[in-house]
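[1] Sequence and computational prediction follow.
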Amino acid sequence: MPELPEVEVVRRGLDRHLVGSRIDAVTVFDPRALKRHPGSAADFADRLSGSTVLAAVRRGKFMWCPLDSGDALVVHLGMSGQIRVLGDDSPKHERIRLALSNRPPVAFHDQRLFGSLALDVTAPTADGLPAGFGSESIELPSQVAHIARDILDPAFDDEVLIRRLRKRTVAVKNAMLNQELVSGIGNIYADEALWAARIHFATPADHIQPAAYRELLAAVRAVMQGALTVGGTSFDSLYVNVNGESGYFDVSLNAYGQTGRPCPRCGTAIIREPWQNRSSHFCPRCQRRKR
DNA sequence: CTCGTGGCCTGATCGC
DNA sequence: TGCGATCAGGCCACGA
């Protein structure tokens, strides 16, 4: 499951293997991989064919490639999506293939079909600032307009987010996963950041003080930037990340998936608790529930 | 506007 | 050996 740092590495892969190329042919093997595309598979293929890719941009876990046609090719990996440069291995889950004018084909693989490709119109950002990471363009695909900037975005404002969080009555973890407040945080990093800031996941968002939020955001940023540094260095030599083989960063986790293992801070066994069709991992001693 | 629930998906794993 | 249940979770539609 790609977290934001992995998605950023895939964006770099798109930048390297797609930008500057013309898409000569589009093959849709499974139209379910177009669930975010507003039209039919034929519409997708027809409109995309002949377009030249101008850039690769990312906001949270959404990526998009502005095209010379004026539209954008939107890419979301979901849980299991991958972009591969040669679609020859594991053809079982290849959903869409793009044949390029001057390079090998690029394939979208996705076992579980939570990801998708789409063609979308764009509009300028409301604040007039660059729409995402990877380009100075202020043009944003319409289906990404409601997605908040992510925490690594230069235009991201911590204090604005904290003010909004302090008005929410939902559990803090719920607020952290709300894409309209802050994007790019998944279940794993939410648990890790809450552990680092010693906050119980069910604490109402409006019960948490600004100073604690600053610590929480710093924790999210630290774990993401750490992963990005690791992934960024291993990327250049072999483009494993575009080939989807690995590479996914061996970040040492303190809470997520550590059920029963000692908390690295106090030694108490980490607990896993079902929560909203997901799991929350936390230290029952460091992260006390408050009311 | 805010919040809570369930659906979309496939494959690995587990108990019987 | 097979079969059904459960789990994994990013994002969104929908109803309250």
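    Sure thing, it's come through. Residues are numbered from 1 along each chain as shown, chains lettered A, B, ... in the order given.

[2] is any part of stretch A:115-123 close to DNA strand C?
    No - on the criterion CB under 7 Å from any atom of the strand, stretch A:115-123 is out of touch with DNA strand C, staying 8.5 Å away. Every C-beta, even on glycine, is put in place using the N, C-alpha and C of the backbone.

[3] Wait, A:R84 touches A:V106, no?
    Yes - counting by CB atoms under 8 Å, A:V106 is a contact partner of A:R84 at 7.1 Å.

[4] In the sheet, which residues pair with the nearest residue to A:G20 once chain neighbours are set aside? Tell me.
    Leaving aside its sequence neighbours, A:G20 sits nearest to A:V53 (CB to CB, 6 or more residues apart in numbering; 6.8 Å). Beta-bridge pairing for A:V53 (DSSP bridges): A:L67.

[5] What pLDDT does the model give A:V53?
    On pLDDT, A:V53 comes in at 98.

[6] same thing with A:I188?
    For A:I188, the pLDDT comes out at 88.

[7] Just the element for A:M224, please.
    Using DSSP states H and E, the element containing A:M224 is helix A:210-235.

[8] Distance of A:G81 relative to DNA strand C?
    Using CB to the nearest atom of the strand, to the nearest Å, we find A:G81 at a distance of 10 Å from DNA strand C.

[9] Determine the number of other residues adjacent to that residue.
    27 (other CB atoms under 10 Å).

[10] Next up, the contacts around it.
    Going by CB atoms under 8 Å, 6 or more residues apart in numbering, A:G81 touches A:2, A:75, A:108-110, A:114-116.

[11] Show me which of those is closest to A:K92.
    Nearest to A:K92 among those is A:H109, at 8.7 Å by CB to CB.

[12] The closest one is in contact with A:H93, isn't it?
    Yes - taking CB under 8 Å as the definition, A:H109 is a contact partner of A:H93 at 4.8 Å.

[13] lowest-confidence helix or strand of chain A?
    One helix or strand of chain A scores below all others by mean pLDDT, DSSP states H and E: helix A:240-243, with a mean of 40.

[14] Tell me which stretches of the stretch 51-200 of chain A form helices.
    In the stretch 51-200 of chain A, the segments counted as helices under DSSP state H, counting those that start in this stretch are A:158-165, A:172-177, A:187-196.

[15] The last one close to DNA strand B?
    Read it as helix A:187-196. No - Helix A:187-196 does not reach DNA strand B (CB under 7 Å from any atom of the strand); its nearest approach is 11.7 Å.

[16] Now do the contacts for A:A55.
    Neighbour list for A:A55: A:15, A:19, A:65-66, A:134-135, A:137 [criterion: CB under 8 Å, 6+ apart].

[17] can you rerun that using 6 Å?
    Applying CB atoms under 6 Å, 6 or more residues apart in numbering, we find A:A55 in contact with A:19, A:66, A:135.

[18] Same question for A:V170.
    A:V170 makes contact with A:A205 under the criterion CB under 6 Å, 6+ apart.

[19] Next one: it from A:N277, what distance?
    15 Å (CB to CB, to the nearest Å).

[20] Packing partners of the helix holding A:M224?
    On a contact count with 3 or more CB pairs under 6 Å, 6 or more residues apart in numbering; DSSP states H and E, helix A:210-235 meets helix A:4-17, helix A:158-165, helix A:187-196.
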